[in-house]
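Student: Provide a 3D model corresponding to the input given below.
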Amino acid sequence: MTDPTPADEHVVFRQYLDAVGLHGMAGAEAVGLSASEWYALSQIALEGTLTSGELAARTGLTTGATTRLIDRLERAGFVRRAADPNDRRKVIVEPVADSLDQIEKLVGPARRQIAEVLGRYRPDQRAVLFDYFAHAAPAFRAATEEIRDAAAHGRQRKGGAAARRP
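Tutor: Residues are numbered from 1 along each chain as shown. Next comes the predicted model:
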């Protein structure tokens with residue numbers, strides 16, 4: 001077999017990213033969430049708790065939009081608000097464990113397919129994969145911020161209603 005060309009690698013990588021994105025959208029849809037809600041819930045579940053300000057920073061939403069997102073997740077039974085034990089003026093958002101168990105029941109079988117793929121690799125190969133994941137995640141977050149900044153700059157230059165949207 002010949003080595004893949006950079007063009008081949010580009011196509012494979014794009015197909016991979018598209019599949020990951022599609023998987024996330026399907027998971028969100030399956031439990032009745034939008035992509036932003038799914039991402040926010042994932043961040044809350046990973047951290048255990050987040051303030052609404054921290055969640056706004058991670059999602060790139062305004063504080064008002066983040067409050068509405070938390071309201072929707074709370075109404076759906078996925079999160080609850082609690083007083084911050086370190087600062088009673090702040091509210092933290094925490095996942096509702098039972099709701100996460102229900103999500104895992106729904107998407108767990110699909111996630112096991114990915115675990116099977118990872119299981120095909122030797123420990124040293126998995127180390128390379130997870131090294132990539134560890135370095136690619138912050139790179140993708142930084143690239144996301146660049147895209148958002150460029151889009152906001154473009155809206156500001158154009159002016160009009162689009163520039164004033166939250």
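Student: ok, which stretches of the protein are helices?
Tutor: Using DSSP state H, the helices assigned to the chain run over residues 6-30, 35-47, 52-59, 63-75, 97-119, 123-158, 161-164.
Student: got CSV for these, with mean pLDDT too?
Tutor: Shown next, in CSV, are those (pLDDT from 0 to 100):
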stretch, mean pLDDT
helix 6-30, 93
helix 35-47, 95
helix 52-59, 93
helix 63-75, 96
helix 97-119, 90
helix 123-158, 91
helix 161-164, 50
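Student: Name the single longest strand found in this structure.
Tutor: strand 87-95 (DSSP state E).
Student: who touches it?
Tutor: When contacts are taken as CB atoms under 8 Å, 6 or more residues apart in numbering, the neighbours of strand 87-95 outside the stretch itself are 41, 44-45, 48-52, 55, 70, 73, 78-84. Using the backbone N, CA and C atoms, a C-beta is placed for each residue, glycine as well.
Student: Of those, which count as buried by neighbour count?
Tutor: When burial is judged by neighbour count using 16 or more other CB atoms under 10 Å, the buried members of the contacts of strand 87-95 are 41, 44-45, 50, 52, 55, 70, 73, 78-79.
Student: Would you mind listing the two of the residues you listed that lie farthest apart?
Tutor: By the measure CB to CB, these have their two most distant members at Ala45 and Ser52, which lie 15.9 Å apart.
Student: got the contact list for the nearest residue to Leu41 once chain neighbours are set aside?
Tutor: Nearest residue to Leu41, sequence neighbours excluded (CB to CB, 6 or more residues apart in numbering): Phe78, at 5.5 Å. With contacts taken as CB under 8 Å, 6+ apart, Phe78 has the following neighbours: 33, 41, 95-96, 99-100.
Student: need those residues in CSV with distance to Gly108, can you?
Tutor: Converted to CSV, the contacts of Phe78 look like this (distance: CB to CB, whole Å):
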residue, distance to Gly108
Leu33, 17
Leu41, 16
Pro95, 16
Val96, 18
Ser99, 14
Leu100, 11
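Student: which of those has the most neighbours?
Tutor: Counting by other CB atoms under 10 Å, Leu41 has the largest number of neighbours within the contacts of Phe78, with 25 neighbours.
Student: tell me the contacts of that residue?
Tutor: Residues in contact with Leu41, defined by CB under 8 Å, 6+ apart, are 33, 73, 78-79, 95.
Student: now with 7 Å?
Tutor: Applying CB atoms under 7 Å, 6 or more residues apart in numbering, we find Leu41 in contact with 33, 73, 78-79.
Student: Thr5: which of these is nearest?
Tutor: For Thr5, the closest of the contacts of Leu41 turns out to be Leu33, at 39.0 Å, with distances computed as CB to CB.
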